[in-house]
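Enquirer: Let me see the structure of the following:
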Amino acid sequence: MSDRPTYGIADQSDRAQAIVIETMRHFAELQLWRNTFAAQWEEVAELILPTSRNTFFYQNFNWPGVKKTDRQIDATGMMALHRFAAICDSLLTPRNMTWHGLAAMDDDLKQSREVKLWFEQVTRILFKYRYAPMANFVAQNQGQFQSLGAFGTGAVFIDEFDGRQYGGLKGMRYRSIPLGEFFLTENHQGLVDGFIRWFKLTARQAVQKWGLDKLPGSLRAALDQGSQWPYNFLHRCVPNEEYDPYRLDVKGKRWSSYYVSVEGQCLMDEGGYRTFPVACSRYDQAPNEPYGRSPAMMVLPALKTLNAEKRTFLKAGHRAADPVLLTADDGIVGFSMRPGALNPGGVSSDGRPLVIPLQPGNIQISKEMMAEEKSLINDAFLVSLFQILMETPQMTATEVIERTNEKGILLAPTVGRQQAEYIGPLVDRELDILSFQGLLPPMPQALRRAMGDYEVVHTSPLSRAMRAQEAAGAIRSLETAKELVAITGDPAPLDMFDIDATLKGISEIQGMPESWMASPGMIQAKKQARAKAAQAQQAIQAAPAQAAMMKAQAAQAKAGMPPPGEEQPVQAAPPLTGGQ
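Expert: All right, here's what the predicted structure looks like:
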């Protein structure tokens, strides 16, 4: 084993040492500025997400399987958090539908059917690899939404799938980063443009990731012994200050990436990313704060109050079920609470009880107080918004559309933010990975000339809810025009509508795929076929009249009469002669 190389900060180049020193300095500063948030996150975790307790400060340690629910009395907040994650998933990223599409940025290219079909094909490929079992997107996406609801900040790391053990299999891999490991930085415009992630690996896992020759000397003994003790590593990702778009090496990537081992303080790996590798979102932000604030942080007083009220409620219920007994100071002694027991002397000679229970208090008031706090918590986690349809199931289609539009209005400022901060960067990173793995079809020449610029078209239930009013308005207007036509018999009111454009817009709002729509050529062919069919029908309907006319003409010809429309020849009058 002596031929194994040993690495440490003294064994590396001056540049590597400078990177390690700067990474450790940067990490220490980010810890300092995040500690106040970490203390508040710890309070929230105790009440609604105990699995995250004791994970927000550097060098924390938890034995696997340690019990963490000992400070949790009421589970309302925990249930509301799980429902919040389910609501976000169903509104933004539902598994059973295509919740976004792609379109060209150029307005002219947006009308090109070839470009539309190419983006539709790319979207199908993207969803195929996103929901592949090896990608594990569904579970990690849920973790991100849980972190968003509990702590106000969620982050998902998107990387190429490491297929070395799977025959070179291509694809993507997602990882929801626990917030305790994630230290972010913003640029001057408030966009997340860098991070340091603190994580732990065993010596064996470090060798799997970076190779035996990169293993720090301080971890050699742990590797030889097969130790399962986790060691500390840092991953620092920052904008590349030496970025050159014409380079093909690390300097040609927009973000620089460094992996540093805390034990031994050495540089494990240096690389870069073409696109930012983390999709990070915040629920709500206070001024001058890089991290978000969550629904749980907004109602943290209600969560604490409910926990205290539940404790009092349990005491009152315990006393009501097993009451304290009051006896006279010289009354019965050795009173038995055993079922079926006889207690002589428990009543006076006239039947008056000598042992009475102590009144436990008004339990109903405790229940009402708890219901008030539960209502606030459910409102903050958006649970109450989704109880409307269950409470009023007998609604017309128009009422359902109006309620849906109302939900879209209420949810847009909060949940709608995730479309820009989370889904947008997520799609950019995914397309970059699939493109460089050669998994996307050839780009149309027109789009290639436009440098492939695209935009994400959101088609999630939330986006449809926000646009439901447009479809509802169109349908109501057409119904009104139809009623006017029925009353007056004049079809002129329908002339105000471009029926083709209206139906196309409603189809887009409803999420109709472009490949399911007829092309302009197909539409023209259908119109021509209908025109020919109408002409043929007119000819069929006119055939009896034409036959009768021909019969009449034949009869007239037989009688020596000219056909209708032809005049009899006029004979010239004889010339006038004068008298002789």
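Enquirer: What ranges does the stretch 351-500 of the chain have for its helices?
Expert: Using DSSP state H, counting those that start in this stretch, the helices of the stretch 351-500 of the chain run over 363-380, 388-391, 397-411, 417-418, 424-436, 445-449, 461-488, 499-509.
Enquirer: Now render those helices as JSON lines, adding mean neighbour count, mean pLDDT and distance to T153.
Expert: For glycine as for every other residue, the C-beta is placed from the backbone atoms N, C-alpha and C. As requested, those are arranged in JSON lines below (neighbours: other C-beta atoms under 10 Å; pLDDT from 0 to 100; distance: least, C-beta to C-beta, whole Å):
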{"stretch": "helix 363-380", "mean neighbour count": "16", "mean pLDDT": "90", "distance to T153": "17"}
{"stretch": "helix 388-391", "mean neighbour count": "10", "mean pLDDT": "55", "distance to T153": "29"}
{"stretch": "helix 397-411", "mean neighbour count": "16", "mean pLDDT": "61", "distance to T153": "19"}
{"stretch": "helix 417-418", "mean neighbour count": "20", "mean pLDDT": "87", "distance to T153": "12"}
{"stretch": "helix 424-436", "mean neighbour count": "19", "mean pLDDT": "95", "distance to T153": "14"}
{"stretch": "helix 445-449", "mean neighbour count": "13", "mean pLDDT": "92", "distance to T153": "35"}
{"stretch": "helix 461-488", "mean neighbour count": "16", "mean pLDDT": "76", "distance to T153": "20"}
{"stretch": "helix 499-509", "mean neighbour count": "14", "mean pLDDT": "73", "distance to T153": "32"}
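Enquirer: Would you mind saying which of these lies nearest T76?
Expert: When the helices of the stretch 351-500 of the chain are compared by C-beta to C-beta, helix 363-380 sits nearest T76, at 5.1 Å.
Enquirer: Columns distance to G180 on top of the helices of the stretch 351-500 of the chain, output as JSON lines?
Expert: Output for the helices of the stretch 351-500 of the chain, formatted as JSON lines (distance: least, C-beta to C-beta, whole Å):
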{"stretch": "helix 363-380", "distance to G180": "23"}
{"stretch": "helix 388-391", "distance to G180": "36"}
{"stretch": "helix 397-411", "distance to G180": "28"}
{"stretch": "helix 417-418", "distance to G180": "21"}
{"stretch": "helix 424-436", "distance to G180": "22"}
{"stretch": "helix 445-449", "distance to G180": "43"}
{"stretch": "helix 461-488", "distance to G180": "29"}
{"stretch": "helix 499-509", "distance to G180": "41"}
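Enquirer: closest to L148 out of the ones you listed?
Expert: Nearest of the helices of the stretch 351-500 of the chain to L148, taken as C-beta to C-beta: helix 417-418 at 7.6 Å.
Enquirer: The closest one - contacts with which helices or strands?
Expert: strand 278-282 (3 or more C-beta pairs under 8 Å, 6 or more residues apart in numbering; DSSP states H and E).
Enquirer: what's next to the helix or strand just after the strand it packs on, contact-wise?
Expert: For strand 278-282, the following helix or strand on the C-terminal side (DSSP states H and E) is helix 295-298. In this structure, residues lying in contact with helix 295-298 by C-beta atoms under 8 Å, 6 or more residues apart in numbering are 40, 44, 47-48, 77, 81, 84, 149-152, 283-284, 303, 380-382.
Enquirer: Which ones among the residues you listed lie within helices?
Expert: 40, 44, 47-48, 77, 81, 84, 149-151, 303, 380 (DSSP state H).
Enquirer: Helices along the stretch 1-150 of the chain, start to end?
Expert: Using DSSP H, counting those that start in this stretch, the helices found in the stretch 1-150 of the chain span residues 14-48, 76-92, 107-110, 113-130, 137-151.
Enquirer: looking at these, which is closest to F497?
Expert: Among these, helix 107-110 comes nearest to F497, with 22.8 Å by C-beta to C-beta.
Enquirer: Leaving out chain neighbours, which residue sits closest to N60?
Expert: Nearest non-adjacent residue to N60, counting by C-beta to C-beta, 6 or more residues apart in numbering: N54, 5.3 Å away.
Enquirer: hang on, I meant G292
Expert: Spatial nearest neighbour of G292, chain neighbours left out: R282 (2.9 Å); criterion: C-beta to C-beta, 6+ apart.
Enquirer: which residues sit in contact with that neighbour?
Expert: By C-beta under 8 Å, 6+ apart, the contact set of R282 is 148, 152-153, 291-293, 417, 421.
Enquirer: Name whatever forms a beta bridge with it.
Expert: Taking DSSP bridges as the rule, R282 bridges to T153.
Enquirer: Just confirm A552 is within a helix.
Expert: Yes. Assessed by DSSP: H, G, I helix; E, B strand; the rest coil, A552 belongs to a helix.
Enquirer: re earlier: by pLDDT, give me the weakest of the contacts of R282.
Expert: Least confident entry in the contacts of R282, by pLDDT: R417, with 85.
Enquirer: Wait, it touches Y283, no?
Expert: Yes. The pair R417 / Y283 is scored as a contact, 7.4 Å apart, by C-beta atoms under 8 Å.
Enquirer: Below-threshold pLDDT in the stretch 251-400 of the chain: ranges please.
Expert: Where the stretch 251-400 of the chain drops to pLDDT under 70, the residues are 329-333, 387-400.
Enquirer: let's see it at 50
Expert: For the stretch 251-400 of the chain, applying pLDDT under 50 flags no range at all.
Enquirer: Can you pull the phi/psi pair for F157?
Expert: phi -90, psi 130 (degrees, to the nearest 10).
Enquirer: what about it, distance to A103?
Expert: Distance, F157 to A103, by C-beta to C-beta, to the nearest Å: 27 Å.
Enquirer: Max pairwise distance over the ones in helices among the contacts of helix 295-298: which two?
Expert: Most distant of the ones in helices among the contacts of helix 295-298, by C-beta to C-beta, are Q40 and F84, 18.1 Å apart.
Enquirer: Looking at those two, which is more packed in?
Expert: Comparing Q40 with F84 by neighbour count (other C-beta atoms under 10 Å), the higher total belongs to F84, at 26 against 18.
Enquirer: What ranges does the stretch 201-350 of the chain have for its helices?
Expert: Taking DSSP H, counting those that start in this stretch to define them, one finds helices in the stretch 201-350 of the chain at 203-210, 220-225, 295-298, 300-321.
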